[in-house]
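Visitor: predicted model, plus sequence, below.
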Amino acid sequence: MTGAAVVVTGTGTDVGKTVATAALAAAARAAGWDVGICKPIQTGVGPDEPGDAHEAARLSGARRVLEVRRLPDPLAPETAARVTGAPQSTLADLVEPIRGWLAAPAGAAPAPGRLDLVEGAGGVLVRLGTDLTVLDLATALDAPVIVVARAGLGTLSDTELAVRAIESAGLRCAGIVLGSWPYDPSLAERCNLEDLPRLTGVPLLGRVPSGAGGLSPAEFTGRAPGWFGSDLLPGLIRTAHHAAPTGASR
C-alpha cells in the first residue's frame, strides 16, 4: 500500500487547521484511502473532552486516531506545561509514539493508499517543548508539511514566512490550504488565490468553506472532495517520497 505521513501546520492560531485536517482526511477517504489523524499535543481541553484529533475524526470518519499528550490550559504547549508545572515535552516523547502508530498495520480492507495526518499546534514556530517546534517533529518523521492559511488581507506575508521557515529547515512544503474561504470573497481574497502560490512557490491545494466545521459528518464527507484539486493525493505521495531533509539546519 502506498503511504504518506504529512504534518499539518498553520500560519498561526485559529486559522482552521483542525477542520482542514478533517477535510484532507475526508477527501482521502472518499478516494478509498486508509486515513489516520494524530495530534501530538492538545492543550485547552479537559480530560474527558474530545480534542482536535477526535473532532477531525468525527467530521471525516477516520478511525485511526492518536493523541500523544494533553495539557489543560489553552496556551502554547511549552507555556501550558510550564504553567501547570508539568515536564516539558521532548522530541522523543512525541516522536516515538507517533512512529509506533505509523508502523502499526492499517485497516484490514485493501486500500489504494494510506495517509497519516499529524496536526501541529498553532503556527510553525510555536514551541511544543523547550526549543522544540513542529519543524523538528516533521524532520524526525521525514514528513512533508502542509500550511493552513487565512484567506484575507495580510495572509501573503504570514504564509510566505511560514513556507520559508519550513524550507529553511530542509523540509518540503506540500502546499497551502485556505482554512476558511468566505461565501462572498473580497477582492483581496480573490487576488490571494493567484498570489499565494506565486509568492511562496508551492501549490494552493484547496479551500475549506467558512463554517464547514458546523456541517454534519455526512454533509462534510460528501462535500470535502470538492474543496481540493484532483491532484491532491498523487501530489502528496510524490512530495512525501521526496521529503527526507537534505542539509537541514535544525
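Guide: Received, thanks. Numbers count the residues shown, from 1 in each chain.

Visitor: how much space between the residue of the chain positioned farthest from its centre and residue 47?
Guide: Distance to the chain centre peaks in the chain at residue 85, reaching 27.9 Å (criterion: CA atoms, centre = their mean). Relative to residue 47, residue 85 is positioned 17 Å away (CB to CB, to the nearest Å). To be clear about C-beta, it is placed using only N, CA and C from the backbone, and glycine gets the same treatment.

Visitor: circling back to that earlier point, next, give phi and psi for the residue farthest from the centre of the chain.
Guide: Dihedral angles of residue 85 (phi, psi; degrees, to the nearest 10) stand at phi 80, psi 20.

Visitor: and it, how far is that from residue 73?
Guide: Residue 85 sits 11 Å away from residue 73, going by CB to CB.

Visitor: quick one on the thing from earlier: the residue farthest from the centre of the chain: what's it in contact with?
Guide: For residue 85, no contacting residues are found, by CB atoms under 8 Å, 6 or more residues apart in numbering.

Visitor: my guess is residue 6 contacts residue 143, does it?
Guide: Yes: counting by CB atoms under 8 Å, residue 143 is a contact partner of residue 6 at 5.8 Å.

Visitor: quick one: the helices in the protein, in order.
Guide: 17-30, 52-60, 77-84, 91-103, 134-141, 155-168, 187-200, 217-223, 232-241 (DSSP state H).

Visitor: helices or strands next to the second one in the packing?
Guide: To tie it back to what came earlier, the one meant is helix 52-60. Applying 3 or more CB pairs under 8 Å, 6 or more residues apart in numbering; DSSP states H and E, one finds that helix 52-60 makes contact with helix 17-30, strand 34-43, strand 64-71, strand 113-123, helix 217-223.

Visitor: on contacts alone, who are the packing partners of the fourth one?
Guide: Of the remaining helices and strands, those touching strand 113-123 by 3+ CB pairs under 8 Å, 6+ apart are strand 2-10, helix 17-30, strand 34-43, helix 52-60, helix 91-103, helix 134-141, helix 232-241.

Visitor: pairing partners for it, with directions?
Guide: Strand pairing for strand 113-123, using DSSP bridges, gives strand 2-10 (parallel), strand 34-43 (parallel).

Visitor: gap between the residue most central in space within the chain and residue 53?
Guide: Of all residues in the chain, the one closest to the mean position by CA atoms, centre = their mean is residue 8, 1.7 Å from it. Going from residue 8 to residue 53 by CB to CB gives 11 Å.

Visitor: what residues do those two have in common as contacts?
Guide: With contacts taken as CB under 8 Å, 6+ apart, the residues that reach both residue 8 and residue 53 are residue 119.

Visitor: can you get me a residue count around residue 225?
Guide: Neighbour count for residue 225, taken as other CB atoms under 10 Å: 17.

Visitor: what do you get for residue 205?
Guide: Residue 205: 24 neighbours (other CB under 10 Å).

Visitor: what's the answer for residue 78, then?
Guide: Using other CB under 10 Å, residue 78 is surrounded by 22 other residues.

Visitor: enumerate every residue touching the residue nearest to it when sequence neighbours are not counted.
Guide: Using CB to CB, 6 or more residues apart in numbering and skipping residues adjacent in sequence, the residue nearest residue 78 is residue 127, 3.7 Å away. Contact partners of residue 127, counting by CB under 8 Å, 6+ apart, are 76, 77, 78, 79, 133.

Visitor: and the buried ones among these, selectable in PyMOL?
Guide: In PyMOL, a selection of the buried entries from the contacts of residue 127 looks like this (16 or more other CB atoms under 10 Å):
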select buried, resi 76+77+78+133
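
Visitor: no further questions, thank you.
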